[in-house]
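[1] no sequence for this one, just the structure:
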């Protein structure tokens, strides 16, 4: 419970003996903040932010440049005569693909959607007993997951291909989705967040007769919402960037990323459409990112995890 | 038939009681052993063989390792570059992630969401390196050359990424610029779960500015996330390759941009020497495991 009270615009809390004590607090109820410090931080962030946002600025500007500006030398960052022709060109190209473009979009939805949802569920379900229940082998299993994250992904590709072929799931969606369910990052992230949930709220749910699945779904998951939304962002980015590579050979199974990169590979004649592709390739994960982030900030603004 | 009452602390009894735990673990760990552990084990086996991905692997014992560590001069250069990059960018990136996540958390509402996107932009926008190739172009139209010449610091354009002494420093700069990735987002999420009443309690106990609050309350509260971020930082810093391949090329001038992972990609992807590539991966793995042990020990001391 919060002990903060607002008395005549000044921030007071009650000390252990019940006397009101004034503490430094801004109008937002945050303690220990000075306006000058806030201003300084804002200026610092605005300055650093200019450098960080450069790639987005470049992608947006390029997508709006007519061909003569795209090939201008020396290159300029900002567009002078913005046009939407690049996007019009791209839509024409999309209409001419080998399989209908909507098929690529559907494939991406299946692979990305299946990979994100499945991974978040599998990893969270496994992370709960590792974080909150002591059982033989828990420490060993967890350290294997952490260790596995340090082994270079490049050399495991060949064995992975052998295994996927042996299972007979080569050239199916499952070849991309099933391995994605078991990435190490999700289990580690979820376990770290679940560890912070106080045992007392789990115990009281158990005393009320809740099954472990119910505890997991109704107590654990809502309390670690920032974690699984963040995990969804990571996983979305990984799967969104996947072109299907050596696992998906049929054109009807390939994701949008593959079709987009084919368009980009068209060289100078397609420079305009490529710039539009670069915009779309960036815009979709950014949209997903913003949806998840704003949801993280909305849910946890007031309290944090409490007993 | 009469049986002795089972010892409630025997291994079998404990496993029996935790049936539900194992059921919850099953979906993830079945897939994990199949698609992650098994490939790693097979790769480590390959590291003891000669394997050109065409004929069957031939067992050659420690051959790859002795060649790698004793005879391969390029690997020693790559090892040196990797250590320099990891020692500089690892800790600095990590501290930047914590610091920026914490500062962003000071803001509210729309500003906070916007700042998170702005600082994560290099990690999410795909063509992030491209902007650096424009900045570092070697002719006088390159942004850096142009600016330095305009102010008279240099007289003629410098081929930044083709000059040995500039390659590593610029790789470090670009890598730092890219550093706000996975760890950063995990910290942002972790900060949302901190119990806000702790801050008011701390204010009564005499914490009087935001820096003390950071050290005594905030950092200890997000320790699990800090540990997660450390692993991501270690795996990222030791595996620097894409930046080097894109900006310095492969091979880079006098191997000035060669790292362990660019060497690994070279052997695995171009020369088809999978056994040797696997040995490189195993050495890299051992280096990361050792570093991780040391770092996790350090992190336990936060807030003391």
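    Done, it's in. These figures come from a predicted structure and were not determined experimentally. Numbers count the residues shown, from 1 in each chain, chains lettered A, B, ... in the order given.
[2] now check stretch A:160-167, is it near chain B?
    Yes: judged by CB under 8 Å from any CB of the partner chain, stretch A:160-167 and chain B are in contact via A:160, A:162-163, A:167. Bear in mind the C-beta positions are built from the backbone N, C-alpha and C, glycine included.
[3] okay, now the closest residue to residue B:274 other than its chain neighbours: neighbour count?
    For residue B:274, ignoring the flanking residues on the chain, the nearest one in space by CB to CB, 6 or more residues apart in numbering or on different chains is residue B:51 at 4.3 Å. Counted with other CB atoms under 10 Å in any protein chain shown, the neighbours of residue B:51 add up to 24.
[4] same thing with residue A:272?
    The burial metric for residue A:272, expressed as a neighbour count using other CB under 10 Å, is 22.
[5] okay, and for chain B, where does confidence drop off?
    Segments of chain B classed as low confidence (criterion: pLDDT under 70) are B:1-6, B:127, B:303-304.
[6] Spatially central residue in it, please.
    residue B:236 (1.7 Å; CA atoms, centre = their mean).
[7] any bit of the host helix or strand of that residue sitting next to chain A?
    Element membership for residue B:236 (DSSP states H and E) is helix B:223-238. Yes: residues of helix B:223-238 contacting chain A under CB under 8 Å from any CB: B:224-225, B:227-228, B:231-232, B:234-235.
[8] Could you export these to TSV, including columns for distance to residue B:241?
    Formatted as TSV, the entries for the residues of helix B:223-238 next to chain A read as follows, by distance: CB to CB, whole Å:
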residue	distance to residue B:241
B:224	29
B:225	26
B:227	25
B:228	22
B:231	18
B:232	16
B:234	15
B:235	12
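[9] By neighbour count, which of the residues you listed wins?
    The most crowded member of the residues of helix B:223-238 next to chain A, judged by other CB under 10 Å, is residue B:225 (28 neighbours).
[10] got the contact list for it?
    Listed by CB atoms under 8 Å, 6 or more residues apart in numbering or on different chains, the contact partners of residue B:225 are A:192-193, B:186-187, B:189-190.
[11] Let's see that with 10 Å instead.
    Neighbouring residues of residue B:225 by CB atoms under 10 Å, 6 or more residues apart in numbering or on different chains: A:189, A:192-193, A:196, A:226-227, A:230, B:98, B:101, B:183, B:185-191, B:193, B:219.
[12] The residue nearest to it when sequence neighbours are not counted: what's it in contact with?
    Once its chain neighbours are removed from consideration, residue B:225 has its nearest residue in residue B:190; the separation is 3.4 Å (CB to CB, 6+ apart). If you count contacts by CB under 10 Å, 6+ apart, residue B:190 has them with A:189, A:192-193, A:196, A:226-227, A:230, B:101, B:105, B:218, B:221-226, B:228-229.
[13] So the residue nearest to the centre of chain B sits against residue B:176, correct?
    No: shown here, residue B:236 and residue B:176 do not form a contact pair, counting by CB atoms under 10 Å, at 11.6 Å.
[14] quick one: common contacting residues for these two?
    B:89, B:93.
[15] Kindly indicate which of the residues of helix B:223-238 next to chain A lies nearest chain A.
    Comparing the residues of helix B:223-238 next to chain A against chain A with CB to the nearest CB places residue B:224 closest, at 3.6 Å.
[16] From residue A:70, how far out is residue A:269?
    12 Å (CB to CB, to the nearest Å).
[17] ok, those two, which is more surrounded?
    Neighbour tally, residue A:269 and residue A:70, criterion other CB under 10 Å: the higher count belongs to residue A:70, 17 against 10.
[18] in the stretch 51-200 of chain B, which spans are strands?
    Listed in chain order, the strands found in the stretch 51-200 of chain B under DSSP state E, counting those that start in this stretch are B:58-59.
[19] What segments of it are helices?
    If you assign secondary structure with DSSP state H, counting those that start in this stretch, the helices in the stretch 51-200 of chain B sit at B:63-66, B:73-105, B:109-124, B:128-135, B:143-150, B:164-177, B:182-192, B:197-204.
[20] same question, the stretch 201-304 of chain B
    Going by DSSP H, counting those that start in this stretch, the stretch 201-304 of chain B shows helices at B:210-213, B:219-221, B:223-238, B:242-247, B:260-265, B:274-299.
[21] The third one versus helix B:274-299: what angle between them?
    Interaxial angle, helix B:223-238 versus helix B:274-299 (axes from the mean of the first three to the mean of the last three CA atoms, to 10 degrees): 140 degrees.
[22] nearest to residue A:234, of the residues of stretch A:160-167 next to chain B?
    Taking CB to CB as the measure, residue A:234 sits nearest to residue A:160 out of the residues of stretch A:160-167 next to chain B, at 19.7 Å.
[23] secondary structure class for the closest one?
    The three-state label given to residue A:160 by DSSP: H, G, I helix; E, B strand; the rest coil is helix.
[24] Nearest the geometric middle of chain A, what residue?
    Nearest to the centroid of the C-alpha atoms of chain A, with distances taken as CA atoms, centre = their mean, sits residue A:233, at 1.0 Å.
[25] sorry, back to before: mind putting the helices of the stretch 51-200 of chain B into JSON lines with distance to residue B:289?
    Supplementary listing: the helices of the stretch 51-200 of chain B in JSON lines, determined by distance: least, CB to CB, whole Å:
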{"stretch": "helix B:63-66", "distance to residue B:289": "16"}
{"stretch": "helix B:73-105", "distance to residue B:289": "14"}
{"stretch": "helix B:109-124", "distance to residue B:289": "25"}
{"stretch": "helix B:128-135", "distance to residue B:289": "29"}
{"stretch": "helix B:143-150", "distance to residue B:289": "38"}
{"stretch": "helix B:164-177", "distance to residue B:289": "22"}
{"stretch": "helix B:182-192", "distance to residue B:289": "18"}
{"stretch": "helix B:197-204", "distance to residue B:289": "34"}
